[in-house]
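*Asks:* Whatever this is, show me its structure:
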Amino acid sequence: MNGLERWAVFFRYTPDKEKRELMNEIIMFAEGIAMAGQVLLTINKDEKERARLTNEYKFAVDLQSKTDDAKREGCNEERIIIARNMLKRNRPIIEIVEDIGLIRDVVEGLRDI
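*Replies:* A predicted model of the protein is given here:
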């Protein structure tokens, strides 16, 4: 097998674990291929670490987003309950909108429920 063929086999079968013995034989014959193998291992480790960190970051962002959504939802539910109580006491809609901070259409919709 000439040098070009060794490189071709190296690039073709590097990811194939069943060809590991063949890869080790090729690496023993060519120092350049051995160095390339080390570089590929380093790149692979870096990519795995980057993917792991990216997944951790995405998880943290998703968790924070869900927490924020839950807080907003809970706050809106509390404001709706207060607005309903104010409507039951015949408070003017404009006063409810100003005091509670809900949109006028939402408050008017509560009156119909």
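*Asks:* Low-confidence stretches in this protein?
*Replies:* 113 (pLDDT under 70).
*Asks:* neighbours of A36, just the number please.
*Replies:* A36 has 16 neighbouring residues, counting by other CB atoms under 10 Å. From N, CA and C alone the C-beta is placed, and that goes for glycine too.
*Asks:* That should have said N85, apologies.
*Replies:* Counted with other CB under 10 Å, N85 comes out at 11.
*Asks:* What helix or strand is it located in?
*Replies:* helix 31-88 (DSSP states H and E).
*Asks:* what's the answer for R91, then?
*Replies:* Using DSSP H and E, no helix or strand contains R91.
*Asks:* residues touching M28, list them.
*Replies:* A34 (CB atoms under 8 Å, 6 or more residues apart in numbering).
*Asks:* host element of it?
*Replies:* Going by DSSP H and E, M28 is in helix 20-29.
*Asks:* For that helix, which residues meet the burial criterion?
*Replies:* 23, 26-27 (16 or more other CB atoms under 10 Å).
*Asks:* Turn those into CSV, columns for distance to D46.
*Replies:* What follows is those, written out as CSV (distance: CB to CB, whole Å):
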residue, distance to D46
M23, 20
I26, 24
I27, 21
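*Asks:* Quickly name whichever of the residues you listed is closest to Q64.
*Replies:* Sorting those by how near they are to Q64, with CB to CB, puts M23 at the top with 44.3 Å.
*Asks:* ok so, going back, quick one, whatever helix or strand comes next after the helix holding N85 and helix 31-88 angle?
*Replies:* Note on helix 31-88: by DSSP H and E, the next helix or strand toward the C-terminus is helix 93-100. Counting by axes from the mean of the first three to the mean of the last three CA atoms, to 10 degrees, helix 93-100 lies at 140 degrees to helix 31-88.
*Asks:* in helix 93-100, what counts as buried?
*Replies:* Buried-residue list, helix 93-100, by 16+ other CB under 10 Å: 93, 96-97, 100.
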